[in-house]
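Asker: Here's a sequence, model it:
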Amino acid sequence: MPATSKRPSRPGRATPTLLPLPARHPAALLATFVAAACVLVSVSFVLYETDFWQHLLVGKVIWQTHAIPQRQIWIWPHHGAPDITPSWLFRVLLWPFWAAGGVWGLFAWRWLTTLAAFAVLGWTARRMGARGLAGLVALVLVALAYRQRSQIRPETLVAILMSLEIAILESRRHGGPDRCGWLVPIAWVWANTHISYVFGFAIIALYGIGGEYPVPGAAKPPPPRRLILAGLAAVAISFVNPYGWRALAQPFEYTLFWRHEPIFQTIGELQPIRWAANWKNGLPLVVFGWPALIVWRWRRGRPDMIEAMICAMFTAVAAQTQRFVGFHAVAAGAFLARDLDDWVSTWPRPRWSTGAWARGVLASAVCVAVCIPEWRRPEMPLGVGIDMRRFPVAACDFMAAHGVRGRGFAPFYFGGYMLWRFWPDPSRLPFMDIHQSGTHEDRLLYALAGTHPESWRALDGRYRFDYILWNRVPSRSEQLLDGRDHDPAWALVFLDDAAAVYVRRDGPLARLADSLAYPDIPAGRTEWPGIGERCRQDTLYRARVRAELEREVAASPFNGGAHGYLANLDMMDGRLAGARAHLEQALARDPLFPTGHDRLGRIALMERRPREALREFEAERAIGDWAPGLDIHVGEAWEALGDPRRAAAAYRRALARDPGNSAARAALEAVERRMDR
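Answerer: From the prediction side, this is the model:
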């Protein structure tokens, strides 16, 4: 047979190409429905972000007053000063959703904005040439990366605007109608919605530059004259906002000046991407897979200069700060869907997999499979609701019940909830709101108050605070709590898992300080090891600490930490049943309560129930493996079950984590000696 001849295909042999699957084919409709469901489920996790309370309140105030605030009315130090209310249009549009449906209204906003944005991206991908089902998998993967930015933020509306802009420009580039005039109203909405409006101008500019490089195989796009005029009109109309050029200057002020301030360097979403926390959502696949597919297209002689420029721009900004991950995901969506679809279409495959229904079912299964690891993350549980443990709910109840008001100091991320709870009471406005409003010096002293005593003294000397409402979530401003615990000028009068309230002993709240101060337990955590040691030695002191912890439990439903400390006291008293009950209460209030399952496992070991102990230890490991001695306890359980080999493996894991762990080394040596006999 001549070398140029081809063998006829045989059943079961691989075939390199696939015929396009019509979008209305039932198999394609099934895969599309499953992909859309996956996208919606991905953004259906319990809300925990703090900013949306202020978004709601600002929208409510604008609707009630029929005016956009021009002065600072959200914080007390600079009340009445000229001010810009950011993202006012987003807030105006959001408020009716809450007014109509409460929490369900907020989730309806999430679902509608996400579905709209990704539907436009899917349409754009097909307009660009994606005809298979792999593009749906790409969009589902992009939605997982977008997920972390899908709470109630202005970016959820921007996602629609960006996807529409790309759709208009790509349709024009591929020979479709030239609708670049629509870029002008999109620019106006964007400029009044979020400071990221500059991305819209950047995308238009890149399409203008890339117009010199047409898409291989596509009709030549129209001349750039209309696009240039539309871009200029988009810039001009952006000045039509309640604050003029001052609002448009904000992203440049942040880039040039504000981002170097200490307060902004402590905000998590402004930090670089934490890759260890993002592997389940597929972000590395999106960030690194997109440029890889761009290179693949270029090597096959189908370069796309505009795609390469957009990828470079959004990858660069996303790498600098997590805040831009959502923008990167939307920018990537249509391009990644097209490129992945092209790449997959070149794969050799068994003939059985080329049928329409086989492809539809397979694409549906892959869509669900890639989502499962992210959906199972315990810190972002699926469900419709608000995680009220993140907010100072009971602390504000206490403030309302006991007349705590005046010049308060609170973290800016509590500002939104304080406004939502107490507005329009001028005596309970926050010191700083979610936008870190205030002067440069205020922000500097605020950022350093927890770690530099002289900064706290300067800030308190300037404003002489009457009360402090501070966050108790571990790792956030712990040192400020420790400092106030040791400061005789302040009295701790309320605490729970979310927040602590201090009042000044010689101020207008002195009577409250005298009557309700906690004399023995602190709000900070560094003193607790010493308190625990003293409790072991002094039964009277232990009784006083127990009484104060029980008072904390009675004062708030968010009291898992107090239950954890009470469990320790019960274990000191030999009351294992009581300790178990307290730990179960702590885990009921916070399923991620650190060391809760570990301590339940240790109790089970004391009660000679090693199987139950192992279940508790595995539950502890599943939520983060926070207990430092967890592997040692696992080894003890396996020893109790008569399995020295598994016990030795657990002790070796403990030593691998901490080679200096003498307890693990001694346990390993003991079990190995028994195994050698």
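Asker: mind listing the helices for the stretch 401-550 of the chain?
Answerer: Using DSSP state H, counting those that start in this stretch, the helices of the stretch 401-550 of the chain run over 412-422, 440-448, 453-463, 478-485, 510-516, 528-537, 539-555.
Asker: Give the rounded mean pLDDT of the fifth one.
Answerer: Model confidence over helix 510-516, given as mean pLDDT, is 97.
Asker: ok, and what's touching that helix?
Answerer: By C-beta atoms under 8 Å, 6 or more residues apart in numbering, the surrounding residues in contact with helix 510-516 are 402-404, 491, 493-494, 503-505. No exception for glycine: its C-beta is placed from N, CA and C like everyone else's.
Asker: again, only this time at 6 Å
Answerer: Contact partners of helix 510-516, identified using C-beta atoms under 6 Å, 6 or more residues apart in numbering, comprise 402, 491, 493, 503, 505.
Asker: what does the last one give?
Answerer: By C-beta under 6 Å, 6+ apart, the surrounding residues in contact with helix 539-555 are 495, 518, 520-521, 534-535, 559, 562, 565-566, 569.
Asker: repeat that for 7 Å
Answerer: Where contact means C-beta atoms under 7 Å, 6 or more residues apart in numbering, the residues beyond helix 539-555 that reach it are 394, 398, 494-496, 518, 520-521, 531, 534-535, 559, 562-563, 565-566, 569, 572.
Asker: do stretch 457-467 as well
Answerer: Here stretch 457-467 has contacts from 77, 404, 406-409, 445-446, 449, 501-504, 507-509, using C-beta under 7 Å, 6+ apart.
Asker: Could you tell me the end-to-end distance of stretch 397-412?
Answerer: Distance between the two ends of stretch 397-412: 19 Å, counting by C-alpha to C-alpha, to the nearest Å.
Asker: re earlier: among the contacts of stretch 457-467, name the buried ones.
Answerer: Burial by neighbour count, 16 or more other C-beta atoms under 10 Å: within the contacts of stretch 457-467 this picks out 77, 404, 406-409, 445-446, 449, 501-504, 507, 509.
Asker: For the helix or strand containing residue 365, list every residue counted as buried.
Answerer: Using DSSP states H and E, residue 365 falls within helix 356-375. Across helix 356-375, burial judged by 16+ other C-beta under 10 Å covers 356, 359-364, 366-367, 370-371, 374-375.
Asker: Just flag the most distant two among the residues you listed.
Answerer: Using C-beta to C-beta, the two most remote members of these are 356 and 374, lying 28.9 Å apart.
Asker: what does the longest helix seen in the chain rub up against?
Answerer: Ranked by number of residues, the top helix in the chain under DSSP state H is helix 103-127. Helix 103-127 has contacts (C-beta under 7 Å, 6+ apart) with 23, 36, 39-40, 43-44, 47, 94, 97-98, 101, 135, 139, 143, 150, 152, 156-157, 159-160, 163-164, 166-167, 170-171, 174, 176, 330, 333-334, 337-338, 384-386.
Asker: Just the buried ones among the contacts of helix 539-555, please.
Answerer: Among the contacts of helix 539-555, the ones that count as buried by 16+ other C-beta under 10 Å are 394, 398, 494-496, 518, 521, 531, 535, 559, 562-563, 565-566, 569.
Asker: okay, now residue 575: neighbour count?
Answerer: The number of residues packed near residue 575 is 14, by other C-beta atoms under 10 Å.
Asker: again, but for residue 260
Answerer: 10.
Asker: Residue 609 now?
Answerer: A total of 16 residues lie near residue 609 under the criterion other C-beta under 10 Å.
Asker: Repeat that for residue 180.
Answerer: Residues near residue 180, counting by other C-beta under 10 Å, number 24.
Asker: Which residue comes closest to it once chain neighbours are left out?
Answerer: Nearest residue to residue 180, sequence neighbours excluded (C-beta to C-beta, 6 or more residues apart in numbering): residue 230, at 4.2 Å.
Asker: Now do the residue nearest the centre of the chain against residue 111, distance only.
Answerer: In the chain, the centroid-proximal residue (C-alpha atoms, centre = their mean) is residue 148; its distance is 4.5 Å. To residue 111, residue 148 is 17 Å away according to C-beta to C-beta, to the nearest Å.
Asker: can you check residue 559 too?
Answerer: According to C-beta to C-beta, residue 559 stands 34 Å off from residue 111.
Asker: Same question for residue 455.
Answerer: Taking C-beta to C-beta, one finds residue 455 at 44 Å from residue 111.
Asker: Restricted to strands, list the contacts of helix 539-555.
Answerer: Of the contacts of helix 539-555, the ones assigned to strands by DSSP state E are 494-495.
Asker: that older thread, so which of the contacts of helix 510-516 comes closest to residue 274?
Answerer: The closest of the contacts of helix 510-516 to residue 274 turns out to be residue 493 (C-beta to C-beta; 36.4 Å).
Asker: Verify the contact between that closest one and residue 509 for me.
Answerer: No. Assessed by C-beta atoms under 7 Å, residue 493 is found out of contact with residue 509, at 8.3 Å.
Asker: looking at it, the residue nearest to the centre of the chain is touching residue 324, isn't it?
Answerer: No. Contact criterion C-beta under 7 Å: residue 148 and residue 324 do not qualify, at 11.6 Å.
Asker: that older thread, buried set for the helix or strand the residue nearest to residue 180 falls within?
Answerer: Here residue 230, judged by DSSP H and E, is contained in helix 225-238. Using 16+ other C-beta under 10 Å as the test for burial, helix 225-238 gives 227, 230-231, 233-235, 237-238.
Asker: Map the structural domains onto the sequence of the chain.
Answerer: 26-49+84-375, 388-516, 596-677 (automatic domain parsing).
Asker: and those as CSV, adding distance to residue 589?
Answerer: What follows is the domains of the chain, written out as CSV (distance: least, C-beta to C-beta, whole Å):
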stretch, distance to residue 589
domain 26-49+84-375, 14
domain 388-516, 7
domain 596-677, 10
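Asker: and residue 57, which of those domains is closest to it?
Answerer: Ranking the domains of the chain by proximity to residue 57 (C-beta to C-beta) places domain 388-516 first, at 5.1 Å.
Asker: chain center to the closest one, what's the gap?
Answerer: 24 Å (C-alpha atoms, centre = their mean, to the nearest Å).
Asker: How about stretch 320-331?
Answerer: Mean C-alpha position of stretch 320-331 versus that of the full chain (C-alpha atoms, centre = their mean) differs by 12 Å.
Asker: Can you give the contact residues for it?
Answerer: With contacts defined as C-beta under 7 Å, 6+ apart, stretch 320-331 is touched by 117, 142, 145-146, 148-149, 155, 159, 162-163, 196, 199, 269-273, 283, 286, 310, 314-315, 317-318.
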